[in-house]
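[1] Output the structure for:
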Amino acid sequence: MDYDFFDYKYNITGYDGRDFNGIMHIVYMLICLVLIPLLIRHLKGKGQQKITKIMQVTAIALIIEEIVKISWESYWDIKTGQGFNAGGILPLETCSLFIYTLTIAGFGKGKAREWALAWMSSIGVLGGISYILFTNVLKWYPFFSYGAFHSMIFHFLMVFIGLLIPFSGYHHFSLEDINNGFMPQLLMALVVIPLDYRFDWDYMLLHHAGGIPFVEEVAEIFALHGVEFMTTLMVLVLYYLMGAVLTINNIQIQKAESSQQQRKAKREKTAWI
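    Numbering: from 1, shown residues only. Got it, this is the predicted structure:
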């Protein structure tokens, strides 16, 4: 296999996708499984200001990195005659929402910030975990490459920061966050849906549900009968329901963490007496 770290997928010769579901994929999952809980445990008691600073720095870094990644990918697409990949390179995917919500959570205020925090800790976490389990970028890029590193680090951060929010008590969760967490998804969808249908794209998986097991097959049936809008509705409902499950889980995490803190305080008070 012959390639440089910053080579684009069309320039990497001899790579057959062996890292996908291979040893390096397992290594990536193990790193996430070990490092994310350790980081959360270390940071959850550091206070809100510390976590806000982490969000701010990470948001700025991700914005810069996204610009670099789009520029790098567009350079190679154009150079190799593929042309600008408007249907796949723009930050309009569900996971792209992490950049926007993280920025709002770090620098914003009010209701928008509540929506951002609720999305990051529900649908955002789900998207990140799904990626860690099915790291599709390794089908085209070997583990030790810029294309793979960009994607793997991005989704690692989605899960890490998304879980840090409930475990640290950074945000007080309630059932209202089911709707709050869906609002960023819905607002992005209002931008994406007209583009998907106008240019036959599949951003946010709202047109063809590409890659979603079983759902993609159902979407093909809808397309054959000329009711593609049913795919859009179906995927949006799935996002909502999965976000609801994660939000309810966050409420339970919040209760468990609160009980643990109360028990700890009681033990410390008893020991002092």
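[2] Residue 247 and residue 179 touch, don't they?
    No. Contact between residue 247 and residue 179 fails when scored by CB atoms under 8 Å: they sit 9.2 Å apart. Yep, even glycine has a C-beta here, placed from its N, CA and C like the rest.
[3] Where do the strands of the stretch 1-150 of the chain begin and end?
    In the stretch 1-150 of the chain, no strands are found when defined by DSSP state E, counting those that start in this stretch.
[4] so where's it uncertain?
    By pLDDT under 70, the stretch 1-150 of the chain has no low-scoring segment.
[5] Would you state the helices of it in chain order?
    23-43, 48-79, 97-107, 110-120, 123-133, 146-168 (DSSP state H, counting those that start in this stretch).
[6] so which of those helices comes closest to residue 203?
    helix 97-107 (11.1 Å; CB to CB).
[7] buried stuff in the closest one?
    Neighbour counts using 16 or more other CB atoms under 10 Å place 97-106 of helix 97-107 among the buried residues.
[8] how about a markdown table for these, with distance to residue 194 added?
    Output for the buried residues of helix 97-107, formatted as a markdown table (distance: CB to CB, whole Å):
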| residue | distance to residue 194 |
| --- | --- |
| 97 | 17 |
| 98 | 23 |
| 99 | 21 |
| 100 | 18 |
| 101 | 22 |
| 102 | 25 |
| 103 | 24 |
| 104 | 23 |
| 105 | 27 |
| 106 | 29 |
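[9] ok, back up a step: pick out whichever of residue 247 and residue 179 has more residues nearby.
    Using other CB atoms under 10 Å as the criterion, residue 247 and residue 179 rank with residue 247 on top: 25 against 15.
[10] chain center to the helix or strand hosting the more buried one: distance?
    In this assignment (DSSP states H and E), residue 247 forms part of helix 229-272. Centroid separation for helix 229-272 versus its chain: 18 Å, with CA atoms, centre = their mean, to the nearest Å.
[11] How about stretch 21-41?
    16 Å.
[12] still on that earlier bit, nearest to residue 19 among the buried residues of helix 97-107?
    Using CB to CB, the buried residues of helix 97-107 come closest to residue 19 at residue 98, 23.6 Å.
[13] From residue 36, how far off is the closest one?
    15 Å (CB to CB, to the nearest Å).
[14] do the same with residue 233
    Residue 233 is 33 Å from residue 36, by CB to CB.
[15] Who has more neighbours out of these two?
    More crowded of residue 233 and residue 36, by other CB under 10 Å: residue 36, with 20 against 12.
[16] quick one, what contacts the residue nearest to that one when sequence neighbours are not counted?
    Spatial nearest neighbour of residue 36, excluding adjacent residues (CB to CB, 6 or more residues apart in numbering): residue 160 at 4.9 Å. Residue 160 makes contacts with 35-36, 39-40, as judged by CB atoms under 8 Å, 6 or more residues apart in numbering.
[17] List only buried entries from the residues you listed.
    36, 39-40.
[18] leaving aside the residues next to it on the chain, what's closest to residue 199?
    Counting by CB to CB, 6+ apart, the residue nearest residue 199 is residue 87, at 6.3 Å.
[19] List the contacts of that neighbour.
    199-203.
[20] What of residue 219?
    Contacts of residue 219 by CB under 8 Å, 6+ apart are 208-209, 228, 231, 234.
[21] Go ahead and list the helix or strand containing it.
    With DSSP H and E as criterion, residue 219 is part of helix 215-224.
[22] What's the local residue count around residue 251?
    Applying other CB under 10 Å, I find that residue 251 has 16 neighbouring residues.
[23] Now do the same for the closest residue in space to it that isn't next to it in sequence: helix, strand or coil?
    Excluding its sequence neighbours, the residue lying closest to residue 251 (CB to CB, 6+ apart) is residue 173, at 4.9 Å. Following DSSP: H, G, I helix; E, B strand; the rest coil, residue 173 is assigned to coil.
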